[in-house]
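A.B. asks: What shape does this take:
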Amino acid sequence: MKLSQIASTLNARLENGSPDTEITGVAGIDEAVAGQITFVANRKYAATARTTQASAVIVADDFPAVSTAMLRSNNPYLSFARAIELFYQPPRYAPGVHSTAIIHSSAKIGAHAHIGPYVVIDENVEIGKNAVLLAHVVIYRDAKIGDNFFAHAHAMVREYCRLGNGVTLQNGVVIGADGFGFAKDDSGKWHKIVQSGPAILEDEVEVQANACVDRASIGQTRIGRGTKVDNLVQVGHGSEVGENTLLCAQVGLAGSTEVGNNVILAGQVGVAGHCKIGDGVIATAQSGIPSDVAAGAVVSGYPAIDNKLWLRCSAVFNKLPEIAKALRARTEQK
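C.D. replies: All right, here's what the predicted structure looks like:
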């Protein structure tokens with residue numbers, strides 16, 4: 001594909017390069033070679049951009065000029081993501097039902113569905129058009145799923161759950177497993193609390209490998225439109241997550257957590273039950289959140305505090321041995 005075609009498709013502005021340069025693929029800035037296109041989203045990599053072997057580099061509108069052909073974009077990361085789509089097409093699955101699939105006679109499946117080997121679809125299930133269910137996917141009874149559903153191998157949707165349009169479940173995802181609810185009886189034994197409420201995923205939600213969204217004891221567990229849930233995330237029963245939020249790898253939400261819109265919980269963030277996380281919050285990796293967080297806050301550490309305060313505390317922590325030594329010396333002098 002010619003560089004001019006890529007620029008036009010990405011709505012980017014070409015500088016320095018020949019519009020007729022042939023581009024055959026995409027690569028990271030350190031690995032790219034002639035004939036490939038790469039990107040830089042951060043100005044601190046300006047030196048790397050000057051030495052890359054790529055034939056072109058996607059950069060921000062205000063990125064310093066380099067001799068390599070540049071495609072200027074107001075969102076270079078997104079432009080690079082779209083460039084990948086120009087050169088890599090994921091597998092397409094033809095409509096049809098594999099002979100080993102088991103589909104209850106009461107199930108309703110929309111047009112153009114691909115139902116793979118050993119898929120099980122239970123009674124009264126409804127799935128919209130253009131669904132793709134790969135090998136060993138299981139849909140429990142009375143689940144309702146919208147159009148353009150894509151379930152990778154071994155994904156599972158439990159009874160009575162509701163999924164909107166354009167939902168993607170990666171391998172090993174479980175939607176609607178029982179929440180972790182037990183009450184201790186008089187003899188000291190744990191009595192299981194029935195988990196009666198469904199898990200609900202709104203439109204364009206993606207849940208990645210081996211993540212779990214538990215059903216609720218009463219009410220529902222809900223994931224808002226456009227939210228993305230990373231690998232090995234646990235969303236506890238009765239939790240509510242807003243729209244366009246990111247729950248990164250190994251995040252854990254205890255039961256009845258409320259997370260707002262446009263929140264980012266980085267890797268291994270843990271949130272205690274019944275906490276409220278406001279819109280636009282960012283929690284850096286491995287933060288532990290034991291209480292409510294106001295909208296727009298950036299927090300770090302455990303217990304999570306303002307990120308700037310945490311950075312100052314971390315700087316002091318590294319100096320504690322020196323401070324302790326100085327205090328002991330002063331005490332001894334007295």
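
A.B. asks: all contacts plus neighbour counts: C-alpha atoms, from now on.
C.D. replies: OK.

A.B. asks: Against Trp310, how distant is Ala249?
C.D. replies: Per CA to CA, to the nearest Å, Ala249 is found 22 Å from Trp310.

A.B. asks: got it, and Asn165?
C.D. replies: From Asn165 to Trp310 the distance is 41 Å (CA to CA).

A.B. asks: more neighbours, the two?
C.D. replies: Shown here are Asn165 and Trp310; by other CA atoms under 10 Å, Asn165 has more neighbours (21 against 17).

A.B. asks: The more buried one contacts Phe150, doesn't it?
C.D. replies: No: between Asn165 and Phe150 there is no contact under CA atoms under 8 Å: 9.9 Å.

A.B. asks: Below-threshold pLDDT in the stretch 201-334 of the chain: ranges please.
C.D. replies: For the stretch 201-334 of the chain, the stretches with pLDDT under 70 are 334.

A.B. asks: quick one, helices of it?
C.D. replies: Using DSSP state H, counting those that start in this stretch, the helices of the stretch 201-334 of the chain run over residues 307-333.

A.B. asks: Same question for the stretch 51-200 of the chain.
C.D. replies: Here the stretch 51-200 of the chain has its helices, by DSSP H, counting those that start in this stretch, at 76-87.

A.B. asks: What does Gln5 show for phi and psi?
C.D. replies: When read as degrees, to the nearest 10, the backbone of Gln5 gives phi -70, psi -40.

A.B. asks: give me the beta-bridge partners of Ser300?
C.D. replies: Under DSSP bridges, the beta-bridge partners of Ser300 are Ile305.

A.B. asks: contacting residues around it?
C.D. replies: Contacts for Ser300 (CA atoms under 8 Å, 6 or more residues apart in numbering) come out as 283-288, 306-307, 310.

A.B. asks: Find the residue closest to Gly17 in space, skipping its chain neighbours.
C.D. replies: Closest residue to Gly17 apart from its sequence neighbours, by CA to CA, 6 or more residues apart in numbering: Ala69 at 4.1 Å.

A.B. asks: Can you report how many residues lie near that neighbour?
C.D. replies: By other CA under 10 Å, 21 other residues sit near Ala69.

A.B. asks: these two touch, right, it and Pro19?
C.D. replies: No: shown here, Ala69 and Pro19 do not form a contact pair, counting by CA under 8 Å, at 9.4 Å.

A.B. asks: which residues do the two both contact?
C.D. replies: Here Ala69 and Pro19 have no joint contacts, going by CA under 8 Å, 6+ apart.

A.B. asks: And the closest residue to Ala211 other than its chain neighbours, how far from Gly172?
C.D. replies: Using CA to CA, 6+ apart and skipping the chain neighbours, the partner closest in space to Ala211 is Leu232 (4.3 Å). Leu232 is 10 Å from Gly172, where distance means CA to CA.

A.B. asks: Which residues are in contact with each of the two?
C.D. replies: With CA under 8 Å, 6+ apart as the test, Leu232 and Gly172 both reach 209-211.

A.B. asks: Turn the residues you listed into TSV, including distance to Val316.
C.D. replies: Below are the shared contacts of Leu232 and Gly172 laid out as TSV (distance: CA to CA, whole Å):
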residue	distance to Val316
Ala209	39
Asn210	39
Ala211	37
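
A.B. asks: and which of those is nearest Ala113?
C.D. replies: Closest approach to Ala113 among the shared contacts of Leu232 and Gly172 (CA to CA): Ala209, at 22.3 Å.

A.B. asks: Now do the contacts for that closest one.
C.D. replies: Contacts of Ala209 were listed using CA under 8 Å, 6+ apart, and they are 169-173, 230-232.

A.B. asks: nearest to His98, of these?
C.D. replies: Each of those was checked against His98 using CA to CA; the closest is Asn171, at 19.0 Å.

A.B. asks: Would you confirm that that closest one contacts His154?
C.D. replies: Yes: between Asn171 and His154 a contact is recorded at 5.7 Å, counting by CA under 8 Å.

A.B. asks: List of residues touching the helix or strand hosting Arg50?
C.D. replies: Using DSSP states H and E, Arg50 sits within helix 46-51. Identification of contacts with helix 46-51 by CA under 8 Å, 6+ apart yields 29-30, 40, 57, 63-64, 66-68.
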